[in-house]
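Student: give me a 3D structure for the following:
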Amino acid sequence: RCFCVISVSLQDTVEAVIGGSVILPCSLSAQDLKLQDINVHWRQNGSKIVYDIVKGEDSVALQDSEFKNRAETFPDEYLRGNFSIKLNYLQHTDAGTYSCYITHSYEPKTVQLIINGVTPTPKPKPTPKLEGNIVHLRYSST
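Tutor: Predicted structure coming up:
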């Protein structure tokens, strides 16, 4: 029997752009961390299965099809208590609330993901130049 001290790191909001990647953080600090005793469940908006880590092993059998081949973890970090996930090829539908549930942890870690559209290229703006009664427009992108 071991006495374990566990705390979950919290972060509120993460922003990313369509087509990009983002890391959703989830970690715990624990003494005597044994992976075979740890289960981690990532959920989007309370129900969609994003990723599961069962007894220290990745488990994508029940993963929602929206996240297939787009969600990944960092197995080398598990022993350090890092159960963050990386989402690739982001889409508008990825926006929402993600929760990371870790066994033996009382509070889930919640991350709000905001997806921004691709920043458009600015259009050139005319700059008026007055010479007498004639107006010359010079275009420049700013």
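Student: what is the neighbour count of residue 62?
Tutor: Per other Cβ atoms under 10 Å, the neighbour tally for residue 62 reads 8. Yep, even glycine has a C-beta here, placed from its N, CA and C like the rest.
Student: go on, residue 112?
Tutor: Counted with other Cβ under 10 Å, residues neighbouring residue 112 total 14.
Student: flag the shaky bits of this protein, pLDDT-wise.
Tutor: Scanning the chain for pLDDT under 70 picks out 1-11, 31, 118-142.
Student: centroid residue for it?
Tutor: Geometric centre of the chain, nearest residue: residue 24, 3.2 Å, by Cα atoms, centre = their mean.
Student: quick check: that one touching residue 99?
Tutor: No: counting by Cβ atoms under 8 Å, residue 24 sits too far from residue 99 to count as a contact (9.9 Å).
Student: joint contacts of these two?
Tutor: By Cβ atoms under 8 Å, 6 or more residues apart in numbering, residue 24 and residue 99 have these common neighbours: 42, 111.
Student: hey, where'd the strands end up in the protein?
Tutor: In the chain, the segments counted as strands under DSSP state E are 6-8, 13-17, 22-24, 28-30, 39-44, 48-54, 57-59, 71-73, 85-87, 96-102, 109-116, 125-131, 134-140.
Student: can you add distance to residue 65 and give the ones you listed back as TSV?
Tutor: Putting those into TSV (distance: least, Cβ to Cβ, whole Å) gives the following:
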stretch	distance to residue 65
strand 6-8	28
strand 13-17	21
strand 22-24	19
strand 28-30	29
strand 39-44	13
strand 48-54	10
strand 57-59	15
strand 71-73	12
strand 85-87	14
strand 96-102	16
strand 109-116	18
strand 125-131	45
strand 134-140	47
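Student: closest to residue 79 out of those strands?
Tutor: Closest to residue 79 of the strands of the chain, according to Cβ to Cβ: strand 28-30, at 10.2 Å.
Student: return the set of buried residues in stretch 38-55.
Tutor: Residues 38-44, 48-53 are the ones in stretch 38-55 that count as buried (16 or more other Cβ atoms under 10 Å).
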